[in-house]
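Asks: sequence plus predicted model, see below.
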Amino acid sequence: MSSSLSSPISVPQNVMNLERQMRCWNAYMAIYKNNAFSSKELEGWIYDKMCAHPELCKTTLIYHNEDRQDGYINNKGYHVYGSDDKIRENLLYPIPIYWGGERDDLFDWDEVRKGFGYNKIRANHMPDELRDTIRYAIVGPVKVKAYKDISEHNAHVIHTEGINFESPTTTAFQSIVLNKSKEFILSEYYKRHRAILKLIIEAAMSQIGEDQTAFIQAPMIGAGCFLRAIKSATDIDVDEFLHMQYMALMSVLNSAPQNYTFTYKLCIYDTSEFNKDIIELYDCLLQGNHGTSGRFELGKGAIDGNVIGNVPFETEKKKVFVVNPGDLRSCIGNGMSNENSVEGYIVADAKGYNPQWQNTSFLHNPYFNPQLFDPVKSANSGNIVWRETMEW
């Protein structure tokens with residue numbers, strides 16, 4: 001699993017040949033101090049799949065059409081970021097491990113420079129307040145490793161990010177909550193959460209063909225530690241935000257185009273973490289009392305509520321998607337084997353907790369698919385790698 005890496009990986013290179021992928025792999029492994037996955041056996045299996053199945057690196061990026069704006073030069077001669085600039089900044093210059101701040105104890109900026117050709121200063125060039133104004137999802141196919149009586153099989157993973165109110169210092173908290181009225185806060189939260197759910201559905205729809213359906217299995221994205229600062233720094237009840245999440249889900253289930261054939265399964269691992277009134281709302285939604293047209297399923301508890309447990313197999317007519325509530329500021333996988341979170345479990349089998357869901361979604365990191373960096377060139381060659389959401 002090693003080859004020489006004598007110079008940073010060339011960003012404009014648009015060819016996913018094996019030599020380039022091996023160089024990318026070695027660069028990522030060096031960043032993570034060769035401790036990216038829960039086991040060396042899993043690491044070797046993913047590497048082998050990358051070599052045998054380059055299509056596992058091919059991903060599609062979905063972004064909101066309402067976010068679209070062109071970059072320009074202002075009257076002072078400064079470049080003003082357009083939406084494509086903001087997305088490309090995230091893709092090109094991720095901070096490898098980002099839990100509210102860089103984890104210099106778990107990765108080495110010198111390895112980032114040697115492997116990918118940028119440094120900490122370049123990674124932080126775009127202000128966070130601009131980064132907060134762009135939303136996107138990355139979706140692609142994965143192989144899921146055989147385990148016990150489960151054979152190796154195919155699935156898809158969707159990577160996107162919730163609204164981070166983890167602390168009063170997060171950019172989302174400062175832009176949505178700080179010095180704002182309660183009415184504005186809840187309204188803006190609803191709109192942003194609905195946009196996330198719409199991205200997830202559009203990401204799934206981008207991957208299915210005629211006469212196929214999508215099965216989307218998702219956690220309560222943004223409902224855990226991402227609401228921590230609401231409890232500590234405001235006098236607004238967290239349940240009001242959770243109610244906005246429910247309203248947003250009901251809205252997208254009802255308003256998604258009729259030709260979008262999908263089922264959205266919401267997984268709630270520990271219902272005791274939430275007020276029973278919130279759980280009852282989803283129970284009511286499951287019963288179809290709000291016109292959701294059979295598009296909703298609900299899983300509760302440590303088995304059926306585990307987003308990476310009981311994941312159904314894909315069939316010819318049904319594609320299966322697991323939602324990774326990732327960190328778009330970081331690499332896909334974030335802290336990898338050291339991350340005790342849903343993202344760590346989904347991408348790296350962190351702590352070895354979910355051997356039934358060891359998969360290749362780490363290969364969705366953009367450097368494995370350089371076409372993401374130049375979507376116009378890719379589109380001109382007949383391969384659409386960036387897609388806008390529909391209006392609904």
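Replies: Thanks, I have it.
Asks: helices of the stretch 201-350 of the chain, start to end?
Replies: For the stretch 201-350 of the chain, applying DSSP state H, counting those that start in this stretch gives helices covering 228-233, 238-255, 276-286, 301-304, 342-348.
Asks: for residue 269, which of those helices is the nearest?
Replies: Proximity to residue 269 (C-beta to C-beta) singles out helix 301-304 among the helices of the stretch 201-350 of the chain, at 6.4 Å. Backbone N, C-alpha and C define where each C-beta goes, glycine included.
Asks: any stretches of the stretch 1-150 of the chain with poor pLDDT?
Replies: Under the criterion pLDDT under 70, the flagged ranges of the stretch 1-150 of the chain are 1-15, 100.
Asks: which parts of it are strands?
Replies: Remark: strands assigned in the stretch 1-150 of the chain by DSSP state E, counting those that start in this stretch are 60-63, 72-73, 79-80, 136-144.
Asks: which of the helices of the stretch 201-350 of the chain is buried the deepest?
Replies: helix 342-348 (a mean of 26; mean count of other C-beta atoms under 10 Å).
Asks: relative to residue 345, how far out is the spatially closest residue to residue 303 that is not a sequence neighbour?
Replies: Nearest non-adjacent residue to residue 303, counting by C-beta to C-beta, 6 or more residues apart in numbering: residue 309, 5.8 Å away. Distance, residue 309 to residue 345, by C-beta to C-beta, to the nearest Å: 10 Å.
Asks: shared neighbours, the two?
Replies: By C-beta atoms under 8 Å, 6 or more residues apart in numbering, residue 309 and residue 345 have these common neighbours: 354, 357.
Asks: quick one: stretch 168-182 to chain centroid distance?
Replies: 22 Å (C-alpha atoms, centre = their mean, to the nearest Å).
Asks: may I see the buried residues of that stretch?
Replies: Going by neighbour count (16 or more other C-beta atoms under 10 Å), the buried part of stretch 168-182 is 170-173, 176-177.
Asks: who's in contact with that stretch?
Replies: Residues contacting stretch 168-182 (C-beta under 8 Å, 6+ apart): 100, 128-129, 131-132, 163-167, 185, 188-189, 192, 229-230, 232-234, 236.
Asks: list buried members of the residues you listed by neighbour count.
Replies: Using 16+ other C-beta under 10 Å, the buried members of the contacts of stretch 168-182 are 131-132, 163-166, 185, 188-189, 192, 229-230, 234.
Asks: what residues are bridge-paired with the residue minimising distance to the centre of the chain?
Replies: Geometric centre of the chain, nearest residue: residue 159, 1.9 Å, by C-alpha atoms, centre = their mean. Bridge pairing for residue 159 (DSSP bridges) gives the partners residue 138, residue 324.
Asks: that one contacts residue 361, correct?
Replies: Yes: under the criterion of C-beta atoms under 8 Å, residue 159 makes contact with residue 361 at 7.4 Å.
Asks: and for those two, which residues touch both?
Replies: In contact with both residue 159 and residue 361: 324, 332, using C-beta under 8 Å, 6+ apart.
Asks: farthest-separated two in the buried residues of stretch 168-182?
Replies: 171 and 177 (10.9 Å).
Asks: returning to what we had before: and the residue nearest to the centre of the chain, what does it touch?
Replies: 137-139, 324, 326, 328, 332, 361, 364.
Asks: swap in 10 Å and give it another go.
Replies: Going by C-beta atoms under 10 Å, 6 or more residues apart in numbering, residue 159 touches 59, 61, 136-140, 203, 322-328, 332-333, 343, 346-347, 361, 364-365.
Asks: and residue 150, how far from residue 299?
Replies: 18 Å.
Asks: neighbour count for these two, which is higher?
Replies: residue 299 (19 against 14; other C-beta atoms under 10 Å).
Asks: quick one: the more buried one and residue 263 touch, right?
Replies: No: Residue 299 is not in contact with residue 263 according to C-beta atoms under 10 Å; the separation is 11.7 Å.
Asks: could you name every residue contacting both of these two?
Replies: With C-beta under 10 Å, 6+ apart, residue 299 and residue 263 have common neighbours residue 217.
Asks: how near is the residue nearest to residue 88 when sequence neighbours are not counted to residue 137?
Replies: Spatially, and ignoring its direct neighbours in sequence, residue 88 is nearest to residue 373 (6.5 Å; C-beta to C-beta, 6+ apart). Shown here: residue 373 relative to residue 137, a distance of 17 Å by C-beta to C-beta.
Asks: ok, the two, which is more surrounded?
Replies: Counted by other C-beta under 10 Å, residue 373 and residue 137 do not tie: residue 137 has more neighbours, with 29 against 19.
Asks: wait, what's in contact with the more buried one?
Replies: 59-64, 158-161, 196, 198-204, 206, 323-324, 326, 328, 387, 389.
Asks: then residue 270?
Replies: Contacts of residue 270 (C-beta under 10 Å, 6+ apart): 224, 300-302, 305.
Asks: can you do 8 Å?
Replies: 301-302, 305.
Asks: ok, those residues vs residue 241, which is closest?
Replies: residue 305 (19.9 Å).
Asks: test my guess that the closest one contacts residue 268.
Replies: Yes: with contact defined as C-beta under 8 Å, residue 305 counts as touching residue 268 (4.8 Å).
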